[in-house]
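Visitor: Prediction below, plus the sequence it came from.
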Amino acid sequence: MAEFVQQSIEEMLPELEQMERVGLFIKTETRAILKKRKAFEYKLRRRTKQKEDYLQYIQYEINLLSLVRKRRENTGYSFKRFEIDIAIVQRIHRLFRMVIYRFQDDVKLWLSHIEFSKKRNEKASVSKMFTRMLQVHNRNPGLWVMAAKWELEDNMSAENARNLLQRGLRFNPKSKQLWLEYYRMELLNTDKIRKRRQILGTTVDEGEEAPDAVVEGKIAPMVYRKALDEFPDDVNFHLSFLPICKLFESTKDHMEQIYIDLKQSHDDKEATWDALARRHLSQEQSESMEEEAANAAENKCFGVFVEAVQRLQTEKMWTLYLQACLECLKLRSSEGMVILRIRRCLDTFDQAWTASKLSENMVEEWVEVLTNTGQIAETRQVCKKATSRYSESVRLWNLRLIIAVRCYTGSSNDDDDVFKIFQDSLHSVNVKSSLPLWQLTVEWCLTSKSARLQELFELGCNQCRQIAVPMKEHYLEWTAMNERIEKARDLYKRLSASQPLSVEFFKKCINIENSQPHPKIKRLRLIYEDAVREYGTMDTGLWLDYITLELHHPKGKPGNTGKLHWRAVKMLKGKLTEQFITEYTLLITQYKCE
């Protein structure tokens, strides 16, 4: 091994001598470089090769090359580049080839080598490296796309890019990404040639031998046809050609053919009709379009949607129809157009509801449109119908409650109406998922200062765990803020006597006691004892807070911390014990340092 390392070192000597002779480095620096390289060479001669050793050596040489360039800029010396700079570059390339040969599966190594060559503008090397990489990683469509993109954009070779994508498709015929990129490349190439000829004012570029099929844009439609042959039943793939086609000005005829093919091949798919309708709507997006033209475009669009919902009577088709109506509402226009769009949108909602094809999401949108247009009575009627049809939907019951709360005027009838809706919702929805309804009703009671709030809290505390736990916490907090502290303490005793409970419930009670002018440690200890009895096996924070109370309360007993530590270690399970011991040690250390 040593003789090979020595041979490599001797090959470096002329390069180092030149660095020293021309004044880029002093003798001490060249010795340090030689020593570092020697260490790297020994690492590379190990029996078990490590990827990191190669990468560290490569990075060192790249840094050295950068330093040489800076020294040249400072000294103004620009000669002997072949003997110094090129020698370092060749060494870096050699190291990359060595590590790639041993770790060919690592794509990052290939890409790092390619990136290094790109920065040096070594186009021939980059092209060869892409070719070698794709021989190994021929099942990776992204690499084929990357190579073709470089050939087209940086190497200015459309022919090479086309060959790469065609080879990639032979290996990956089911790659949608490759088909779309091949299609995009052909359109881009055709557009580039046409624009160049338009600028030059000629029909043929000097030195260019572009086939007539490329110039006339016949290749992209052929790619499109071949791609559809591979995925004949995939409507989303078919639609993905449209956004690419819209990027180029000279593809109107081809785009029209895509729409025709869509209707012929996928007339039973909702996405097809959505695309056919929206092609008219997209022409209207410019706010500068005249009102008459905008109205005509919308009529064409919604005419297609009407045909679609007649042929495909599905919830998804109606949803797409309604989404288009809602998008039109967001466009700026005259007052007359706004009224027309609102009327069309509401009529469509009515038709979808009558056809029983209105989803829950669309019901929410319907309510929003009615609310924004000030149709309160219609809004409440829609909410009532929606909760009747989708009786188990928490979202729709919640929406109905929100509308009822907004319409609240303070009268007893309105108060009864809100509570009736709330009670009806509890009989319809799954109790475990009804927490949003409870929270909304509680918030409304707090805001309106309803006399039924306490009754509501009591009812909530007797529900399942998902409802009772947050209701108990909220009930305790509300009592402490609005009643005397004695009532809050009595309520705590009553609520803590029955399950379910939570850590947060005990913490709220502790915070209430600490908020008093003179917190009594006896009461705090009782609450902590209740808390650790329930959750002492799974919560280290409770034990640490209990210990902190004894350490910092004016009437606390620091001597009790040892007993609490012993109890905590006995009760906590698994890794929680180790976590507690660590945090306890830090707490005690901090206390002693105070």
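Guide: Thanks, I have the structure now. Numbering: from 1, shown residues only.
Visitor: Quick one: low-confidence residue ranges for the stretch 151-300 of the chain.
Guide: 202-211, 282-289 (pLDDT under 70).
Visitor: Show me where it has its strands.
Guide: Counting by DSSP state E, counting those that start in this stretch, the stretch 151-300 of the chain has no strands at all.
Visitor: Which parts of it are helices?
Guide: Assigned by DSSP state H, counting those that start in this stretch, the helices in the stretch 151-300 of the chain fall at 158-171, 176-200, 212-215, 219-230, 235-239, 241-245, 252-265, 270-281, 291-311.
Visitor: could you redo the ones you listed as TSV and give each row mean neighbour count and distance to Glu17?
Guide: C-betas here are computed from N, CA, C, even on glycine. Output for the helices of the stretch 151-300 of the chain, formatted as TSV (neighbours: other Cβ atoms under 10 Å; distance: least, Cβ to Cβ, whole Å):
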stretch	mean neighbour count	distance to Glu17
helix 158-171	19	42
helix 176-200	18	50
helix 212-215	14	55
helix 219-230	17	57
helix 235-239	17	63
helix 241-245	18	58
helix 252-265	14	65
helix 270-281	20	70
helix 291-311	16	77
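Visitor: Distance to Met146 for the ones you listed - can I get that in TSV?
Guide: Converted to TSV, these look like this (distance: least, Cβ to Cβ, whole Å):
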stretch	distance to Met146
helix 158-171	10
helix 176-200	10
helix 212-215	23
helix 219-230	19
helix 235-239	21
helix 241-245	18
helix 252-265	27
helix 270-281	30
helix 291-311	39
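Visitor: Can I get stretch 517-537 in CSV, CA atoms only?
Guide: Taking C-alpha atoms only, stretch 517-537 is exported to CSV below (Å, rounded to 0.1, in the frame of the first residue of the first chain):
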residue,chain,number,x,y,z
PRO,A,517,-54.3,36.9,47.5
HIS,A,518,-52.9,34.4,50.0
PRO,A,519,-52.8,30.9,48.5
LYS,A,520,-53.2,28.2,51.2
ILE,A,521,-50.7,25.4,50.9
LYS,A,522,-53.1,23.0,52.6
ARG,A,523,-55.6,23.3,49.8
LEU,A,524,-53.0,23.1,47.1
ARG,A,525,-51.6,19.9,48.6
LEU,A,526,-55.0,18.4,48.6
ILE,A,527,-55.5,19.2,44.9
TYR,A,528,-52.0,17.9,44.1
GLU,A,529,-52.7,14.7,46.0
ASP,A,530,-55.9,14.2,44.0
ALA,A,531,-54.0,14.8,40.8
VAL,A,532,-51.2,12.4,41.4
ARG,A,533,-53.6,9.8,42.6
GLU,A,534,-55.3,9.9,39.2
TYR,A,535,-52.4,10.7,36.9
GLY,A,536,-49.2,10.1,38.9
THR,A,537,-48.3,7.1,36.9
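Visitor: What's the mean pLDDT across that stretch?
Guide: Throughout stretch 517-537, pLDDT has a mean value of 89.
Visitor: For that stretch, buried residues please.
Guide: 519, 521, 523-528, 530-532, 534-536 (16 or more other Cβ atoms under 10 Å).
Visitor: contacts for that stretch?
Guide: 489, 492, 496, 501, 503, 506-507, 509-510, 513-514, 542-543, 545-546, 549, 553, 555-556, 567-568, 571-573 (Cβ atoms under 8 Å, 6 or more residues apart in numbering).
Visitor: Pull the distance from it to the chain's centre.
Guide: Its chain's average C-alpha position is 44 Å from that of stretch 517-537, according to Cα atoms, centre = their mean, to the nearest Å.
Visitor: before we move on, what about stretch 469-486?
Guide: So, by Cα atoms, centre = their mean, the centroid of stretch 469-486 is 40 Å from its chain's centroid.
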